[in-house]
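Enquirer: Pasting a predicted model and its sequence here:
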Amino acid sequence: MFLEEAKVFQLAYIFSEKELCFKSSEIILADTKLTFEKELDTSRECEDLISRYQGNWDKRLLYLALESGRFSRFKVDSRLAHGEFEKLYGSWVLKAWENQTLIVAADYSGFISYSTDTSSAQIGLIAVDACQQGKGIGKLLVQSAERKAKSEAARVMKIATQANNSAAVRLYEKLGYALVERVLVYHYWNRKLKDRIHS
């Protein structure tokens, strides 16, 4: 049934809380998505350590965006070999820059994007330059995003990451985030349609 409905798509996603078994080699497990959540303490006001980015577009923002997706299913699925990962993450960071929802650490050592919706907020992209990791920059970025979200009336912050991104998982748990959802994401790759598009 699924294969029949999906045959008009080059790539389709299947989300499941349980492990699925497929006979088709065109369907692979691409990601185990973890979502963490934390109630923000709105009773305490803290000074922002890193301010919202309001500078010009800089190619280092794109570098950080691609760094943020190192464990992404769009990066690890080797069948996405025509720049899809770069285009997707490039468009996300460009949108965050245009919406002024980027927080950038000094010397472009890291960045984080966030969005707010009524009383909740969500982290979009987060990355620390590979040469600057282990210096607490990720922690400062998350805390700055939390303060910005609180100032915009958010009471809850959500962050999604990949299960194989162990450094991110440890950081979020250390900052008081609790795991609230675990979803397996499968990619269905329509090889016949792909061959027609790229031939």
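Expert: In hand now; what should we look at? It should be emphasised that the depicted structure is a prediction, and the values quoted were computed from it without experimental measurement.
Enquirer: Parallel or antiparallel, which strands does the strand or helix carrying residue 114 pair with?
Expert: Taking DSSP states H and E as the criterion, residue 114 maps to strand 110-117. Here strand 110-117 is paired, per DSSP bridges, with strand 102-104 (antiparallel), strand 120-128 (antiparallel).
Enquirer: now for these, which one comes closest to residue 136?
Expert: Of all the strands paired with strand 110-117, it is strand 120-128 that lies closest to residue 136, at 9.5 Å by Cβ to Cβ. All C-beta spots, glycine's among them, are computed from the backbone N, C-alpha and C.
Enquirer: quick one: contacts of the closest one?
Expert: By Cβ atoms under 8 Å, 6 or more residues apart in numbering, the list of residues contacting strand 120-128 from outside reads 40, 64-65, 67-69, 89, 92-93, 96, 101, 105, 109-116, 137-138, 141-142, 145-146, 149, 152, 154-160, 168.
Enquirer: Going by neighbour count, which of these are buried?
Expert: 40, 64-65, 67-69, 89, 92-93, 96, 101, 105, 109-116, 137-138, 141-142, 145-146, 149, 154, 157-160, 168 (16 or more other Cβ atoms under 10 Å).
Enquirer: Looking at the residues you listed, which are in strands?
Expert: Assigned to strands by DSSP state E, the following of the buried ones among the contacts of strand 120-128 qualify: 110-116, 157-160.
Enquirer: Looking at those residues, spot the one nearest residue 26.
Expert: residue 160 (25.5 Å).
Enquirer: Okay, now the unreliable bits of the chain?
Expert: 1-4, 6-7, 42-49, 192-199 (pLDDT under 70).
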